[in-house]
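Visitor: Structure here, sequence nowhere to be found:
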């Protein structure tokens with residue numbers, strides 16, 4: 001899924017009030033971290049990920065997590081990345097982009 005600038009901006013706005021649900025530490029990108037992001041996306045659709053370590057390569061790490069989980073990186077603000085993946089069941093979707 002690819003989003004245009006307008007939808008990415010909307011997602012960043014919706015994510016503003018959210019707290020990070022995943023923290024990336026010194027282990028950086030592991031299978032366990034990807035599984036945790038997968039579970040968070042399944043539950044919330046729109047999540048924030050805080051980079052405690054790996055701050056220099058946060059954009060690359062966010063893109064890799066998005067690729068591994070089938071999500072879209074809506075943006076990186078400071079040391080926080082915003083990922084979005086629509087729920088597969090339309091009736092259970094919480095985030096409306098249109």
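Guide: Arrived safely, thanks for sending. Source: prediction; values computed, not measured.

Visitor: Low-confidence regions, the chain specifically.
Guide: Scanning the chain for pLDDT under 70 picks out the ranges 1.

Visitor: Would you map the helices across it?
Guide: 5-15, 31-44, 58-69 (DSSP state H).

Visitor: buried sites along the first one?
Guide: Taking 16 or more other CB atoms under 10 Å as the neighbour-count basis, helix 5-15 is seen to contain the buried residues 7, 8, 10, 11, 12, 14, 15. (C-beta placed from N, C-alpha, C; glycine too.)

Visitor: what does the second one give?
Guide: Along helix 31-44, these residues count as buried under the neighbour rule (16+ other CB under 10 Å): 33, 34, 36, 37, 38, 40, 41, 44.

Visitor: who's in contact with the first one?
Guide: Translated: residue 33. 22, 24, 27, 65 (CB atoms under 8 Å, 6 or more residues apart in numbering).

Visitor: PyMOL command for the buried members of those residues?
Guide: Of those, the buried ones can be selected in PyMOL as follows, counting by 16+ other CB under 10 Å:
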select buried, resi 22+24+65
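
Visitor: Spatially, which two of the contacts of residue 33 are the most separated?
Guide: Spanning the widest gap among these are 27 and 65, at 13.2 Å by CB to CB.

Visitor: How about the spatially most central residue of the chain: what's its closest non-neighbour residue?
Guide: Taking CA atoms, centre = their mean, the centroid of the chain lies closest to residue 83, which sits 1.8 Å from it. Spatial nearest neighbour of residue 83, excluding adjacent residues (CB to CB, 6 or more residues apart in numbering): residue 71 at 4.4 Å.
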